[in-house]
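Visitor: give the three-dimensional model of this entry:
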Amino acid sequence: MLEILRGIDTKLLLAINGAHSPTLDFIMFWISDRLIWIPFYCWLLFSLYRIYLKDTLWILPAIGIMVTVSDQFSVLIKNNVARLRPCHEPTISNIIHLVKNYCGGQYGFFSSHASNSISLAVFVIMMLPKTKTAIRYQLIAFVIMIGYSRVYLGAHYPGDVISGWIFGAFFGWMTATLLKKKISPIINK
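Guide: Residues are numbered from 1 along each chain as shown. Coordinates of the predicted model:
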């Protein structure tokens, strides 16, 4: 069963990574850059500030701790599982399309980008009032774009991204659940 899943994971990776073009190379490399998202993060923080006002002082450290722990936990798992990134896997590395020779570290299970992005998305979605549907859709698009870009770039198998999403979603949910007990504005409106 595990070999079947690995085969599917590799086929999906090769299909996504193999559908490359100069335009997509530029876009996907750009999407995977963490710094490019700073204006988006500032906008999310501003949106939360408008709802929580002074209680945003609780939200900002919670996000910082959540993302740091999510990131470092994924590094810990990567180093212990030691699953090679596709671009380092000897059986397929010669057919992986790399953009700007970017590959990342030696190991890829599970994706820190995927885990961190979805932990932030789930956290913010849970902290927003139910009426803020546009931001929810934007966060979902943000998570999907980052996950797809990681596979497109050959830095992760789809399974690495999905596993990162599972862990990150749990961590975002847990952080929001704990923080909601501390602050309680108009979350359910």
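Visitor: give the contact list for the residue nearest to the spatial centre of the chain.
Guide: Centroid-nearest residue in the chain, with CA atoms, centre = their mean: residue 114, separated by 2.3 Å. With contact set as CB atoms under 8 Å, 6 or more residues apart in numbering, residue 114 has these partners: 143, 146-147, 150, 156, 160-165, 168. No exception for glycine: its C-beta is placed from N, CA and C like everyone else's.
Visitor: using the three-state scheme, assign it.
Guide: Classification of residue 114 using DSSP: H, G, I helix; E, B strand; the rest coil returns helix.
Visitor: from residue 152, how far out is it?
Guide: 13 Å (CB to CB, to the nearest Å).
Visitor: which residues are common contacts for those two?
Guide: Common neighbours of residue 114 and residue 152, using CB under 8 Å, 6+ apart, do not exist here.
Visitor: contacting residues around the spatially closest residue to residue 34 that is not a sequence neighbour?
Guide: Sequence neighbours aside, residue 113 is the residue nearest to residue 34 in space, at 7.8 Å (criterion: CB to CB, 6 or more residues apart in numbering). Applying CB under 8 Å, 6+ apart to residue 113 gives the contacts 32, 34, 146-147, 149-150, 156, 164.
Visitor: distance of residue 76 relative to residue 165?
Guide: Separation of residue 76 from residue 165 (CB to CB) stands at 18 Å.
Visitor: ugh, wrong one, I meant residue 113
Guide: Taking CB to CB, one finds residue 113 at 10 Å from residue 165.
Visitor: can you list residues touching both of those two?
Guide: Taking CB under 8 Å, 6+ apart as the contact rule, residue 113 and residue 165 both touch residue 147.
Visitor: for the protein, what spans make up the helices?
Guide: Ranges of helices in the chain, per DSSP state H, are 2-18, 22-32, 38-52, 56-81, 112-127, 133-152, 158-182.
Visitor: other residues contacting stretch 35-50?
Guide: Contacts with stretch 35-50, where a contact means CB under 8 Å, 6+ apart, come from 30, 56, 59-60, 120, 124, 127-128, 132, 135, 139, 142.
Visitor: how about 10 Å then?
Guide: 29-31, 34, 55-57, 59-60, 63, 67, 117, 120-121, 123-124, 127-128, 132, 135, 138-139, 142, 145-146 (CB atoms under 10 Å, 6 or more residues apart in numbering).
Visitor: how about that stretch: buried residues?
Guide: Residues 37, 44, 48 are the ones in stretch 35-50 that count as buried (16 or more other CB atoms under 10 Å).
Visitor: per-residue pLDDT, residue 53?
Guide: According to the prediction, residue 53 has pLDDT 86.
Visitor: measure residue 173 to residue 138 for me?
Guide: For residue 173, the distance to residue 138 - CB to CB - is 19 Å.
Visitor: and residue 147, by the same measure?
Guide: Distance of residue 147 to residue 138, computed by CB to CB: 15 Å.
Visitor: thanks a lot, see you next time.
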